[in-house]
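Visitor: Kindly generate the corresponding structure for this input.
(2 chains)
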There are 2 protein chains.
Amino acid sequence: MKEILSTKNVMIKEFKKLHKKKYREEKKQYIIEGFHLIEEAVKANEQINWILCNQRGKNEWSVWLEQQPEEIVINVSDEVLAVLSELPTPQGMIAIVEMPKYENNIQFSGSWLLLDNVQDPGNVGTMIRTADAAGLSGVVLGDGSSDIYNTKVLRAMQGSNYHLPVIRKPLAAIIDEFKKKQIPVYGTELNPEAVSYKTIVRANDYALIMGNEGRGVSPEFLEMTDQNIYIPIKGSAESLNVAIAAGILMYHLSE
Amino acid sequence: MKEILSTKNVMIKEFKKLHKKKYREEKKQYIIEGFHLIEEAVKANEQINWILCNQRGKNEWSVWLEQQPEEIVINVSDEVLAVLSELPTPQGMIAIVEMPKYENNIQFSGSWLLLDNVQDPGNVGTMIRTADAAGLSGVVLGDGSSDIYNTKVLRAMQGSNYHLPVIRKPLAAIIDEFKKKQIPVYGTELNPEAVSYKTIVRANDYALIMGNEGRGVSPEFLEMTDQNIYIPIKGSAESLNVAIAAGILMYHLSE
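Guide: Predicted coordinates for the structure are as follows:
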């Protein structure tokens, strides 16, 4: 079995670069950390290039590790794992995964979450996880939204990117297409001209647009929707966190 | 007007210690950062000991600053602000605030969110912000839940701690008291013995318990509730983030 003990090893230096978006896009690879995410990637038949584990990881998941192709498993020192980890306490196992070669196509049916310029990685990841839990058909990341191979997004998604299509595409054409298929498109805003989400009839097919943390959904998209909706604020908070709002709306809208 | 330019100044060293829970509890003071939070604290008549701002902060909020007592405003250098800030880009203004001398009492009426051992500061803060938005009466932090004067909690609350009572108390006695007052207490769990939240009739008075990120609500509390509820997972996600689940439930339960 392959073994790497030095943090100065050439492969380790290459892997470490995958924490930067530029290198991920160049190499078409990304890093995932922790047994749960790696197990989800394997289950989803993603192409795993390497599985790196320290002694603790090897002990803890020995049965599962024996089922993996031996040539991709590398024993590493705690120091090597620590330079690749972005967690305060590294989880014993890291994998290098190939990005999918072909993007999923959007099917213009079912229920979709469209993210317009949502920037916080935790928010993007949590919304994809919630979309999965609520049974949505998929998620579209419009321009400006955080990259799903960012480690914080990967952690917050908890593997939901392996359960439903997450597609990067500019939103204008997508919104048009939903409208042509007569699927209702809902924008979200904090505006008395919008209607309360409770007035919206639940449906199997819809597209819901959530916007940037500070500025909300872009005015150009709000003008294209069938209806803009808001969540009433009853107390003194100025607004809801965008991922919380998305959760309330998806659970309300989905049958 | 007072001015501090050196990061080695004794007062600045003291303020910096307030990032540690131990010192906050000793001094009964905490740090808040950014104009929005400081404005909320002033509006709520909290006792502000000091307002520190750099040149940028002074320029940006000059009108508001003139309305504050001059003796508490300190001009500081960018370097001083940077050592006190926990943000990648400091926001130009930091305040040192006195903790409230008396804890709010719980009123055993209205709708309350009870947090059992919720550890992530972002989750705790976001749940308090959502409780505020949903019009709840208050939040009780049971043993093990993150301290609200942690800067990450303060940031996620966005000032909601100044809008509704947030009380630290062990939960067992609180649950008992709600039950004596015949206010329904709901636990949350991922368990087929629980019932879907959609079957619960909306009400003005209730107590909702949310639990630890990994282990959920403690079994001892789940046994004390009137009813344990769950949110159906329709896709392949294993669970919802606890703050998302709390948002869905509070917006469903509150009239």
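
Visitor: can you give me the helices in chain A?
Guide: Assigned by DSSP state H, chain A shows helices spanning A:10-17, A:21-27, A:35-43, A:55-60, A:62-66, A:78-84, A:121-133, A:151-157, A:171-180, A:219-222, A:242-253.

Visitor: ok, is the longest one in contact with chain B or not?
Guide: Put plainly, it is helix A:121-133. Yes - using C-beta under 8 Å from any C-beta of the partner chain, helix A:121-133 comes into contact with chain B via A:122, A:126, A:129-133. Every C-beta, even on glycine, is put in place using the N, C-alpha and C of the backbone.

Visitor: how many other residues sit next to the residue in the stretch 1-150 of chain A that chain B sits nearest to?
Guide: As assessed by C-beta to the nearest C-beta, chain B sits closest to A:Gly135 within the stretch 1-150 of chain A, at 2.9 Å. By other C-beta atoms under 10 Å in any protein chain shown, 20 other residues sit near A:Gly135.

Visitor: can you pull the contacts of it?
Guide: For A:Gly135, the contact set (C-beta atoms under 8 Å, 6 or more residues apart in numbering or on different chains) comprises A:111, A:254, B:234-235.

Visitor: Look up how far A:Asn105 lies from A:Gly159.
Guide: Going from A:Gly159 to A:Asn105 by C-beta to C-beta, to the nearest Å gives 22 Å.

Visitor: Which one's more surrounded, these two?
Guide: Ranked by neighbour count (other C-beta under 10 Å), A:Gly159 and A:Asn105 place A:Gly159 first, with 23 against 10.

Visitor: surely the more buried one meets A:Phe35?
Guide: No - checked against C-beta atoms under 8 Å, the pair A:Gly159 and A:Phe35 is beyond contact range at 11.1 Å.

Visitor: which residue does the stretch 151-255 of chain A bring closest to chain B?
Guide: Nearest residue of the stretch 151-255 of chain A to chain B (C-beta to the nearest C-beta) works out as A:Lys234 at 2.9 Å.

Visitor: Within range of chain B, give me the residues from chain A.
Guide: Counting by C-beta under 8 Å from any C-beta, the positions of chain A adjacent to chain B are A:122, A:126, A:129-136, A:156, A:158-160, A:163-164, A:231, A:233-241, A:243-245, A:247-248, A:251, A:254.

Visitor: What subset of those residues is buried?
Guide: For the residues of chain A next to chain B, a burial check counting by 16 or more other C-beta atoms under 10 Å in any protein chain shown picks out A:122, A:126, A:129-136, A:156, A:158-160, A:163-164, A:231, A:235-237, A:239-241, A:243-245, A:247-248, A:251, A:254.

Visitor: which residues touch A:Asn191?
Guide: A:Asn191 is in contact with A:228, A:230, counting by C-beta under 8 Å, 6+ apart.

Visitor: Distance check, the nearest residue to A:Ala134 once chain neighbours are set aside against A:Gln107.
Guide: Closest residue to A:Ala134 apart from its sequence neighbours, by C-beta to C-beta, 6 or more residues apart in numbering or on different chains: A:Met250 at 4.2 Å. As judged by C-beta to C-beta, A:Met250 and A:Gln107 stand 18 Å apart.

Visitor: same check, this time on A:Ile51
Guide: 33 Å.

Visitor: do the same with A:Glu79
Guide: As judged by C-beta to C-beta, A:Glu79 and A:Gln107 stand 46 Å apart.

Visitor: and stretch A:217-235, how far out from the chain's middle?
Guide: Computed by C-alpha atoms, centre = their mean, to the nearest Å, the separation of stretch A:217-235 from the middle of its chain amounts to 23 Å.

Visitor: Show me which positions of that stretch end up buried.
Guide: Residues of stretch A:217-235 classed as buried by neighbour count (16+ other C-beta under 10 Å): A:217-218, A:221-222, A:224-225, A:228-231, A:235.

Visitor: repeat for stretch A:59-73
Guide: When neighbours are counted by 16+ other C-beta under 10 Å, the buried residues of stretch A:59-73 are found to be A:60-61, A:65, A:73.

Visitor: residues contacting A:Arg129?
Guide: So A:Arg129 contacts A:156-158, A:160, B:237, B:240-241, B:244 (C-beta under 8 Å, 6+ apart).

Visitor: and with 6 Å instead?
Guide: Contact analysis of A:Arg129 by C-beta atoms under 6 Å, 6 or more residues apart in numbering or on different chains lists A:157-158, A:160, B:237.
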